[in-house]
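> can't give you the sequence, but here's the structure:
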């Protein structure tokens, strides 16, 4: 019984450590269940990290990073119609379709697993 309780607690703790993000699968299509190195992502839209920029609507936005572009701070938010907007710390903005991203969970080791994708396996 104690072993079952310990295994259950480990499972809950392990899933609590995962972070949910939107990724740009720029290197090809990603399907539900696919695993990949999250550090290789071109754009990352964090679902749970708050926006840290002094923006008017920062309370409704989340953190955004793009390791392949120039290092800057940015935030993103959802727009009506299915798009997202990214606002950079220099004031520039970029509008993208949310469907261009896949949703994944990332664990502390940097491994990501796709949990939602518009792509269907052939």
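That came through, no problem. Here the structure is a predicted model, which means the values were calculated and not measured.
> Could you check how far residue 54 is from residue 102?
30 Å (CB to CB, to the nearest Å). Heads up, the C-betas are built off the backbone N, CA and C, glycines and all.
> Pull the distance from stretch 97-116 to the chain's centre.
6 Å (CA atoms, centre = their mean, to the nearest Å).
> Which stretches in the chain count as strands?
Listed in chain order, the strands of the chain (DSSP state E) span 19-23, 35-37, 44-50, 62-65, 74-78, 83-88, 93-97, 102-106, 111-116.
> The first one pairs with which strands, and in what direction?
When you say that, I think you mean strand 19-23. strand 44-50 (antiparallel), strand 102-106 (antiparallel) (DSSP bridges).
> just those: most buried one?
Among the strands paired with strand 19-23, strand 102-106 has the highest mean neighbour count (mean count of other CB atoms under 10 Å), at a mean of 21.
> so where's this protein shaky on pLDDT?
1-17, 26-27, 69-71 (pLDDT under 70).
> tally of neighbours for the closest residue to residue 58 other than its chain neighbours?
Counting by CB to CB, 6 or more residues apart in numbering, the nearest residue to residue 58 once its immediate chain neighbours are dropped is residue 51, at 4.3 Å. Residue 51 has 21 neighbours, counted by other CB atoms under 10 Å.
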